[in-house]
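1. Sequence and predicted structure below; questions after.
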Amino acid sequence: MYYAARVAEEKCTGCKICIISCPDSNVIAYCETKKVKIDAGRCKGCGLCVSVCPKDALTVSQD
Amino acid sequence: MNKPIFQISPGFEEIMPPEYRELVANGPYGKGFGVSDLGSYKELIEEHPLCAGCGLALSIRLALASLPNPGDTVIVGSTGCSSLVFPQVALHNIHSLFGNQNAVASGLKRALKLRFPDKVKDVVVIAGDGATADIGLDMVMQSWFRRENITTIMLDNEAYANTGGQESGMSRQGAVLNMAPTGKKFPKATLPEVAQAAGCAYVAATSPAHPRMLEKAVRKAVLIAREVGPTYIQLFSPCPTNYKFKPQETIPLIKQREKEGIFRNQEYISDEAQRFLDSLEEARKK
């Protein structure tokens, strides 16, 4: 329904660059599995995390 | 804001919103978190209403995450896009008249020194470029001349973004905006140099494209402002809504500007401030 960032877990290396590039708070969390997790309800879908991800693990897409 | 102030009274846990409960349980107060800990705790901002991809929102988020002592910090804001964020921030904050922020902060800092002589209380001004460089330049400069112990952080989005895009003193020469269709006729104000000449002990210009640099600048500025004198930080935060670029291009745009040499990161520390930082470093080693 809404546009939000999605993470491909197999590509994510847990470098946290997306977390410190997101303009909104508490959208991207760092899990115990050393991967990132996205709270789609808070995401505005700006795509800044996609533009900085070095592994292309993130995409902005509809549900 | 100290933890006892906002802790929930026994029996009222269930009626408080989940975000508030999370802040009490997992907030950053007194834990010494920095930018690298983001994502593992409940942040101070809760769902702000700024646009998607806003560079200013990213600057505020990183600046608040790098405050050395968020429990005893008071933020003074001013009108603009940034004033839409501060109602959602879990810190003491003041909103006064447009451009008055440094005058209010000066008085506040003096009052806090008298009221809490044995405690460290930081006063940080976070305002936009219109409030700092145009409308409030008088108050900002006078607070630097008086050597008030406050930190001034300017969020430089190069326009009056909140009111539809008028040109500000910080807009680039030739910038065309919604309400400035003929382009700006004179160059951008060089406020870091002005701050240096006006007596700031620490001056830095950086951007959220370098989060670690931003964190170090904010920490140094707040620590120096406690003891030495006024400090100034300018954060370049492009506005995708008024400058008509895609929201995902905010950080690439800053890097491109750096490559072209239009924007550069700079830092100035006075000798006295450097000695103070060195003494802090030595005390930590011991």
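-> Yep, that arrived. Numbers count the residues shown, from 1 in each chain, chains lettered A, B, ... in the order given.
2. just for the stretch 51-200 of chain B, where's the confidence low?
-> Applying pLDDT under 70 to the stretch 51-200 of chain B flags no residue at all.
3. for it, what spans make up the strands?
-> Using DSSP state E, counting those that start in this stretch, the strands of the stretch 51-200 of chain B run over residues B:73-77, B:92-95, B:122-128, B:151-156.
4. quick one: which of the ones you listed is nearest chain A?
-> strand B:151-156 (12.1 Å; Cβ to the nearest Cβ). All C-beta atoms are positioned from the backbone trio N, CA, C, and that covers glycine.
5. by how many degrees do the closest one and strand B:73-77 diverge?
-> 40 degrees (axes from the mean of the first three to the mean of the last three Cα atoms, to 10 degrees).
6. Pull out the buried residues from strand B:151-156.
-> B:151, B:152, B:153, B:154, B:155, B:156 (16 or more other Cβ atoms under 10 Å in any protein chain shown).
7. cool, and stretch B:60-76?
-> B:60-68, B:70-76.
8. tell me the contacts of the residue in the stretch 101-250 of chain B that chain A sits nearest to?
-> Per Cβ to the nearest Cβ, residue B:248 is where the stretch 101-250 of chain B lies closest to chain A, at 3.3 Å. Contact partners of residue B:248, counting by Cβ atoms under 8 Å, 6 or more residues apart in numbering or on different chains, are A:46, A:47, A:48, A:50, A:51, A:60, B:53.
9. Kindly report the same for residue B:22.
-> So residue B:22 contacts residue B:42 (Cβ under 8 Å, 6+ apart).
10. Confirm that it sits in a helix.
-> Yes: the assignment for residue B:22 is a helix, going by DSSP: H, G, I helix; E, B strand; the rest coil.
11. any idea how far it lies from residue B:150?
-> With distances taken as Cβ to Cβ, to the nearest Å, residue B:22 is found 31 Å from residue B:150.
12. try residue B:19
-> 30 Å.
13. again with residue B:122
-> 9 Å.
14. next one: residue A:32
-> As judged by Cβ to Cβ, residue A:32 and residue B:150 stand 40 Å apart.
15. Which of those two has more residues huddled nearby?
-> residue B:150 (28 against 6; other Cβ atoms under 10 Å in any protein chain shown).
16. Let me see the contact set for residue B:242.
-> B:157, B:159, B:161, B:164, B:165, B:177, B:178.
17. List phi and psi for the first one.
-> Geometry field for residue B:157 lists phi and psi as phi -100, psi 10, criterion degrees, to the nearest 10.
18. and what of the fourth one?
-> The main-chain torsion angles of residue B:164 are listed as degrees, to the nearest 10 and equal phi 110, psi 0.
19. For it, grab the count of nearby residues.
-> Neighbours around residue B:164, by other Cβ under 10 Å: 12.
20. Likewise for the fifth one?
-> For residue B:165, the tally of surrounding residues (other Cβ under 10 Å) stands at 21.
21. ok, it touching residue B:158?
-> No: using Cβ atoms under 8 Å, residue B:165 makes no contact with residue B:158, being 10.1 Å away.
22. Look up the closest residue to residue B:112, ignoring the ones flanking it.
-> residue B:121 (4.2 Å; Cβ to Cβ, 6 or more residues apart in numbering or on different chains).
23. what ranges do the helices span in the chain?
-> You didn't say which chain, so I picked chain A. A:48-52 (DSSP state H).
24. Oops, wrong one, chain B.
-> So, for chain B - with DSSP H - the helices run B:3-6, B:18-26, B:55-65, B:101-115, B:129, B:137-145, B:191-198, B:211-227, B:240-243, B:250-260, B:271-285.
25. okay if I get those as CSV plus distance to residue B:81?
-> Conversion of the helices of chain B to CSV gives the following (distance: least, Cβ to Cβ, whole Å):
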stretch, distance to residue B:81
helix B:3-6, 26
helix B:18-26, 22
helix B:55-65, 5
helix B:101-115, 14
helix B:129, 10
helix B:137-145, 18
helix B:191-198, 18
helix B:211-227, 18
helix B:240-243, 9
helix B:250-260, 14
helix B:271-285, 30
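26. Mutual contacts of residue B:122 and residue B:150, please.
-> residue B:225.
27. avg pLDDT for stretch A:41-57?
-> Mean pLDDT, computed over stretch A:41-57, is 92.
28. For it, measure first residue to last.
-> End-to-end span of stretch A:41-57 (Cα to Cα, to the nearest Å): 19 Å.
29. now residue B:195: how far from residue B:210?
-> Distance, residue B:195 to residue B:210, using Cβ to Cβ: 20 Å.
30. Same check on residue B:55?
-> Counting by Cβ to Cβ - residue B:55 and residue B:210 are separated by 13 Å.
31. Residue B:72 is in contact with the residue nearest to residue B:112, correct?
-> Yes: counting by Cβ under 8 Å, residue B:72 is a contact partner of residue B:121 at 5.2 Å.
32. shared neighbours, the two?
-> Common neighbours of residue B:121 and residue B:72 (Cβ under 8 Å, 6+ apart) do not exist.
33. quick one on the thing from earlier: of all the helices of chain B, which one is nearest residue A:28?
-> Closest approach to residue A:28 among those is made by helix B:55-65 (11.6 Å; Cβ to Cβ).
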